[in-house]
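Chemist: 3D model of this:
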Amino acid sequence: MPVDPNALATWANAVTVSRILVSPLLFTVVSLDNTGSWLAAWLWFALCVSDVLDGYLARRHGATKSGAFLDPLADKVLVLGAMFTLVNRGMFSIWPVVIIAIREVIVSVYRVVVGAKGVSVPASRIAKVKTLSQQVSVGFALAPFSARDMTYAWKITLWLAVALTIISGTQYAVRAFKPGMILRRVTK
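Modeler: Numbers count the residues shown, from 1 in each chain. Sure, this is the predicted structure:
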């Protein structure tokens, strides 16, 4: 049975909120070990897979306005929180993470502003690939085998994430000035 688009209490939202609530535990585990941690890597993997689960539940039962806001928020909390924790540990350089954070904040603010006007800004395909590359980069930095011995894996995927971040951010900026291309009216 489809859910009301205005509903707050849905299975998809429950999974999304759980991802946000568990994220401080992940950041704590990440901050405690400088050489990679299987606990952190598996926790990260579970949180990334739960992103797929909440998307599946939303498609199966119906997307909601709250879910359209909460899911990208959860992605940003997890990715940026993990990345800044890795910066604090000295693994990630600050500049790629700042570039990623600036884009995420700008696109999030844009979504909130146009969302208040009844307009939806769905994630582009390249933005989804960008999120995946961010998740893979963090995953490589957390897994002990790649954190220590294959540092090129997380370094390459981090800079790939930066490139995709810039490309997708530019794509959103260009389309923001051509509303018919990306923005669609949300039915009330």
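Chemist: C-alpha from now on. contacts and neighbour counts both.
Modeler: Fine.
Chemist: which stretches of the protein form helices?
Modeler: Counting by DSSP state H, the chain has helices at residues 11-32, 38-61, 65-89, 94-115, 125-142, 144-148, 151-176, 179-182.
Chemist: do you know how far the most centrally placed residue in the chain is from Ala14?
Modeler: Residue closest to the mean C-alpha point of the chain, counted by CA atoms, centre = their mean, is Asp75 at 2.6 Å. Separation of Asp75 from Ala14 (CA to CA, to the nearest Å) stands at 14 Å.
Chemist: returning to what we had before: for the residue nearest to the centre of the chain, list the residues it contacts.
Modeler: Contacts here follow CA atoms under 8 Å, 6 or more residues apart in numbering; on that basis Asp75 touches Asp51, Thr131.
Chemist: For Ser124, grab the count of nearby residues.
Modeler: Around Ser124 there are 13 other residues, counting by other CA atoms under 10 Å.
Chemist: ugh, typo on my part, it should be Gly118
Modeler: Neighbour tally, Gly118, other CA under 10 Å: 14.
Chemist: Can you give me the pLDDT of Thr35?
Modeler: Note on Thr35: pLDDT of 73.
Chemist: Just give me the neighbour total for it.
Modeler: The tally of other residues near Thr35 (other CA under 10 Å) stands at 17.
Chemist: Surely it is in contact with Asp149?
Modeler: No - using CA atoms under 8 Å, Thr35 is not in contact with Asp149; the gap is 9.8 Å.
Chemist: on that earlier part again, confidence-wise, which of the helices of the chain is weakest overall?
Modeler: In terms of average pLDDT, helix 179-182 trails the rest of the helices of the chain, at a mean of 50.
Chemist: Quick check: the residue nearest to the centre of the chain vs Ala123, distance?
Modeler: Remark: distance between Asp75 and Ala123 (CA to CA) = 12 Å.
Chemist: same thing with Trp154?
Modeler: For Trp154 relative to Ala123 (CA to CA), the value is 24 Å.
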